[in-house]
Each structure stands twice: as structure tokens, then as C-alpha cells.
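Pasted the sequence and its predicted model underneath.
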Amino acid sequence: MPEDLTHTLHLQHWTPGLPRELPLPQEHLWHGLAQSAARQPDKAALIFFDSIVGYGSLQREAEALARWLHHEAGVQRGDRVLLMLQNSPQFVAAYYAILRLDAVVVPVNPMNREAELRHLVADAQARVIVCAQDTWPEVRTVMARPTPRETFGDDTRLAHALVACYSDHLTMPTSLRVPDFVAAPWQALGQDDLRLGACTWADALGRSQAQAGATALPPMQAGPDDLAVLPYTSGTTGHPKGCMHTHRSVRFNALTRPAWLGQMGRDTVQLGVLPFFHVTGMQNAMNGVLAEGATTVLMPRWDRDVALACIERYRITGAQLIATMVVDLLAHPQIEQADLSSLKSIGGGGAAMPEAVAARLHQLTGLNYIEGYGLSETMAATHINPTHRPKRQCLGIPIFNTDSRVIDPATLQPVAIGEVGEIVTHGPQVMQGYWRNPQATEAAFVIINGQRFLRTGDLARLDADGYAHMVDRLKRMINASGFKVWPAEVEALLYGHPGVQEACVIAAQDAYRGETVKAVVVRRAGHEALTGSQLEAWARERMAAYKVPRIVEFVTALPKSGTGKILWRQLQEASAPSH
């Protein structure tokens, strides 16, 4: 049988002048910060509500934290350290402090509650956590009542907590709206907190700097294949799983998007609003920017007023924004008058960008929204649209050094152009496996032509040009009278209605059809009179009858994850009939 070549079709549309492969990184992740600090110590690395952190001071703060973590918290090479902070100078300094010790960063969503945190502590076998004062009560509960061994099969407990106050880095007055949790002054730790092993960020820095001459940092020994970052999956099935990433896999994918866009340089100013505890924000607005010696404007939470002001004030050149953020930004009452001329690149992923929204963005900025695709398991991107020939509502094509294919999930054979199959990926950005979970690791990979491919669990189809188009998650499908309905497709069409601000499509039980299509919709301002029957009638003119939402529920807001993705499973579970 001749070899299937559908996975190479995209090469005919490779960006002219762009190499097919990048050299595999051999450097420790710490060197990205250290080299930039050596070149330009006074250059702004981070801007945080008008307060500036230079490269030199960022490196010094990271080294001081590393001394405290090593000498007082006992962090050694290979230890896992939980990092539970929003986008902030403290996140960046702590991240690199952990790496400086050859330890492993475990990024944690600050919205995690006690039970979720307990699982991460036990599974990662972590004894140290860096958190913010607003999450300290949750962390304190975990430290005060260790998880019973039988709960997770491990008796690991947190012994040390480094507690940060975001407002410590608000060193300049600002006219920007600062979230309350960022502006909050320091709340002193009590004696019970100190006995549990808590230490304030300021105290840790003070003690470390006082002992700097007497307490040297250990030499870095980690190589490119040693673990560096352990992000956990979203846990859509069972408990979250840790994705084992090395210095090489993290550094490789931090360098790919800048190289792909061809626009990253030291003059780049990136908007850092996607959460750094998630791989997309971490790579594109932190690791990639710092390695280049560019600047990141930090936003701990999405706020369209602050985002628009920062774009104008700091002449932001690049922004990674998911679709819901773009929808909100374009709905800003001052968007027509705003100066967006500094922007050179806007892109994102996680959910397809609706055609109508992308067209509006292009009208305002002249820029195409560059969509991409990736996972925690791949430390961000495996696919990005070529900048010279992007397609809308499309994942793009495999990036440098990456072999991605679309196969039949049951037979593992390649599917024909236009047919739906599962995306599988082989490349240097792919994780080593799931932490302490060999069964899940085995199930996540398949061997094709002697190469180890990650099974993504995402359904897609390739078009005649070799571009990948998302159909949906493997298990997110509506079966209406035998017709397969892919919610992402229906959602994209609904966004074309002028009265739809946001939409999420889920399955609803139907006595006749088995399942039917339900749309949960947020109305756009000025369209409060829109009814479900009107939207259904509009949809019938634009999609096959079996795809039309038979049920429309209007809500004021859709539930979203910490990374801004719509939590469709939460809506699905809430809609399920009780038994």
C-alpha cells in the first residue's frame, strides 16, 4: 500500500522564506531571562499597571527567591513546587526562581478550591507552594488539615508556603482600573500561619538578601531532557493529569510562535492577558518574550477598558486573545475612536473565531486573526495558520518540526481529505507522558511508522490544502435522529446573528429525536428583545434543519474557565435530566 501523504499537503502553502525546522534547544530555561538581563538590565521586562520591572531587577528578585526556596524551604533539583498566582511580576519571578534551582514548576489555577488543590499537592508530591494572599485561606486549609493518605494514595503535605501580595509591585500611580485583589494592601500573617510554614514574600526577600553573601545558589545541572514544567490538564475526565515537559519542549514551543509570525524582536510589546498558569499565556507572553528581551504588559484579569488603554499607552504590537475577549473588545463603545495602529499581530486559539467577528476585527485593524491550536500536552501550539495565507475558523497547519495527522480513532488509519478523524501529533513540543500515570500515558500515544504520536482526542478534518479544521472534541457530539451535529460548527454560525454576543451549543434530551440541539445565548446590547423563536427562524435559513437549535435559553453570562474558555460541560451537566 502506498504511503498516505495527506499530512504533507500543507507544505505547498508554507510561508516563503520560513525554515521548515528550527534547531532543537539545548539551553536551560533560566538562560532566557539571564541572557536578556545581561544584554539590557535596564530594559522594561514587565509593565504592571504602569509600574515597570526591568530585566536586571527581575533577575535579582528571582535569584533572591531561589535562595529562600533552597536554603529555607529545602527545594532541591527535581522537586515540584506549586505556583498559584495570577499574571503578575511575582508569577514571573517565582517561575524563574524555581527553574534556577533545577526544580519543576507546577502552575496552578488560582481559582482552584480545596479539593482540587489537595489532589495537585498529593499527585505532584509537592511540599512547597507559592501563592497570593487572596488564595492563602484556601492553601491554609490544606496545610492545616493534611489530606489522608488513603484519599490520593500518598501522604505528601505542604510544609512551606510563600505568600505574595500583588500590590507590592504597584510602585507607581496609575489611572488604569486595578482589580481589588491586586490593589489590596498586605494582610499580616498570624502566628498560626507562621507555625504552619507560611512566609511573606517581603520577608523571604529580606532574609535572602541579608544572607546573599553567605548563602550561594547551587550550580545548575539540569539538561534539556530534564523536567522543567508540569502543567495539569483540565480534568474533563477524572482527576487532572500532570503533563511532563522538559526544558527542551518548553523552550522549543516558546520560540515557535515568534519565529512563525516573524515579528518578535526586542521592540515587541506583548499584551500578557491570557493566564500564565496556562501554557498559551505562559509561552507566548512570558517565556518567549523574556528570551527575546522584549516587553510584556501584564493583565491579571481580562478588562476591555484596561486592555484598550494599554494598547494605546504602550503601543502594544502583539496580543494573544481568545475569541470571547475579541468579542468583548469589539463591543467597547470607544473602539471606533481607539488608536490600534501599533498592533502587528492578533491571534489565539482554544475555540474557533466566528467569521463575523474576524471580519469586524479586520475592518478595524487591517489584521487577520491568526488562529492556532495546541494542548497542555504539547506546551501550546502544534498548528498555526500561515501569516501570508490564513484561513478563518481553521486551526492552521503543523508548525516547525511537527508531524500531525488525522486518523480514524478506531482503526488508527489515515482518513481521506474532508473526512472527520482524530488529530495525532509528533514533535519536540510533545510531553514525555503523564506524571505518575503510566496507564494514561500508554493510552495517550500510538505508534505510526515507528514514530510516537500523541492522541489529542480532538476531531478535525483536512481540507484540500492540508489545513486542519476543528470539528469538536471526540466526545462532544449531538446525535439528533442519527444525524451528527458538531456544536462548534453551530456556534460559529450563531455568531453571525447581530443579536448574539456569545453562544454555547449543547445537547438536550428529546423524546422523539433522542437528542436535540440547545443553544445557551448571551444577547448583544441593544438586542434585548431577541426571542428564541426569532433566532431559530434565522438559523433555519443558514444551516441544515437538524443543526438548528430547537431550544434557546438566554442568559446574562456564560460560565468560563480561568483561561476564558466557555465551560460547555458545566452547561451540559446542568441541562441533563435528574434521576
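Received, thanks. Numbering: from 1, shown residues only.

from here on, contacts and neighbour counts on C-alpha atoms
OK.

got any ranges where this structure has weak pLDDT?
Where the chain drops to pLDDT under 70, the residues are 1-3, 147-155, 234-238, 351, 472-475, 481-482, 484, 512, 577-579.

so what are the domain limits for it?
Per automatic domain parsing, the structural domains of the chain span 6-24+247-472, 55-222, 478-575.

Out of those, flag the one nearest residue 46.
Shortest distance between residue 46 and these, using C-alpha to C-alpha, is found for domain 6-24+247-472: 5.0 Å.

how distant is that closest one from the center of its chain?
Its chain's C-alpha centre and that of domain 6-24+247-472 lie 10 Å apart, by C-alpha atoms, centre = their mean, to the nearest Å.

again, but for stretch 181-200
The gap between where stretch 181-200 is centred and where its chain is centred comes out at 29 Å by C-alpha atoms, centre = their mean.

pull the CA atoms of that stretch into PDB?
Provided in PDB are the C-alpha atoms of stretch 181-200 (Å, rounded to 0.1, in the frame of the first residue of the first chain):
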ATOM      1  CA  PHE A 181      -7.400  41.700  44.700                       C
ATOM      2  CA  VAL A 182      -4.400  43.400  43.100                       C
ATOM      3  CA  ALA A 183      -4.800  46.700  44.900                       C
ATOM      4  CA  ALA A 184      -5.400  45.100  48.300                       C
ATOM      5  CA  PRO A 185      -2.700  46.000  50.900                       C
ATOM      6  CA  TRP A 186      -0.800  43.400  52.700                       C
ATOM      7  CA  GLN A 187      -2.700  41.400  55.400                       C
ATOM      8  CA  ALA A 188      -0.200  40.300  58.100                       C
ATOM      9  CA  LEU A 189       0.200  36.600  58.700                       C
ATOM     10  CA  GLY A 190      -0.700  35.400  62.200                       C
ATOM     11  CA  GLN A 191       1.400  33.200  64.500                       C
ATOM     12  CA  ASP A 192      -0.600  30.100  63.500                       C
ATOM     13  CA  ASP A 193       0.100  30.800  59.800                       C
ATOM     14  CA  LEU A 194       3.800  31.100  60.600                       C
ATOM     15  CA  ARG A 195       3.800  27.800  62.500                       C
ATOM     16  CA  LEU A 196       2.200  26.100  59.500                       C
ATOM     17  CA  GLY A 197       5.200  27.100  57.400                       C
ATOM     18  CA  ALA A 198       3.900  30.400  55.800                       C
ATOM     19  CA  CYS A 199       6.300  33.200  55.000                       C
ATOM     20  CA  THR A 200       5.600  36.500  53.300                       C
END
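
So which bits of that stretch are buried?
Using 16 or more other C-alpha atoms under 10 Å as the test for burial, stretch 181-200 gives 182, 193, 197, 198, 199, 200.

Likewise for stretch 41-49?
For stretch 41-49, the neighbour count (16+ other C-alpha under 10 Å) marks 41, 43, 44, 45, 46, 47, 48, 49 as buried.

likewise stretch 205-216?
Quick answer for stretch 205-216 (16+ other C-alpha under 10 Å): 205, 208, 209.

To which secondary structure element is the first one assigned?
I take that to be residue 205. For residue 205, the element it lies in under DSSP states H and E is helix 201-210.

C-terminal to that helix, what's the next element?
strand 227-229.

That next one: what's the following helix or strand?
Using DSSP H and E, the next helix or strand after strand 227-229 towards the C-terminus is strand 245-246.

quick one: which of the buried residues of stretch 205-216 is nearest residue 239?
Using C-alpha to C-alpha, the buried residues of stretch 205-216 come closest to residue 239 at residue 205, 35.2 Å.

which ones are touching the closest one?
Shown in contact with residue 205 (C-alpha atoms under 8 Å, 6 or more residues apart in numbering): 61, 64, 65, 68.

Can you give me the distance of it to residue 218?
Distance of residue 205 to residue 218, given as C-alpha to C-alpha, to the nearest Å: 18 Å.

What ranges does the stretch 1-150 of the chain have for its helices?
According to DSSP state H, counting those that start in this stretch, the stretch 1-150 of the chain carries its helices in the segments 30-39, 55-71, 89-100, 114-124, 136-144, 149-152.

ok, now the stretch 301-450 of the chain?
Using DSSP H, counting those that start in this stretch, helices in the stretch 301-450 of the chain cover 304-313, 323-330, 355-365, 438-444.

okay, the ones you listed, which one's buried deepest?
Stretch with highest mean neighbour count among the helices of the stretch 301-450 of the chain: helix 323-330 (a mean of 19; mean count of other C-alpha atoms under 10 Å).

In PDB, please show the C-alpha coordinates belonging to it.
The C-alpha trace of helix 323-330 is given here as PDB (Å, rounded to 0.1, in the frame of the first residue of the first chain):
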ATOM      1  CA  ALA A 323     -12.500  34.600  20.800                       C
ATOM      2  CA  THR A 324     -14.600  35.700  23.800                       C
ATOM      3  CA  MET A 325     -12.100  38.500  24.600                       C
ATOM      4  CA  VAL A 326     -12.100  39.800  21.000                       C
ATOM      5  CA  VAL A 327     -15.900  39.800  21.000                       C
ATOM      6  CA  ASP A 328     -15.900  41.900  24.200                       C
ATOM      7  CA  LEU A 329     -13.200  44.200  22.900                       C
ATOM      8  CA  LEU A 330     -15.000  44.900  19.700                       C
END
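
278 is where my numbering starts, stick with that
In the new numbering, first residue 278, that becomes helix 600-607.

if we can go back for a sec, could the contacts of residue 482 be laid out in JSON lines, adding distance to residue 822?
JSON lines is the format used below for these (distance: C-alpha to C-alpha, whole Å):
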{"residue": "338", "distance to residue 822": "60"}
{"residue": "341", "distance to residue 822": "63"}
{"residue": "342", "distance to residue 822": "60"}
{"residue": "345", "distance to residue 822": "63"}
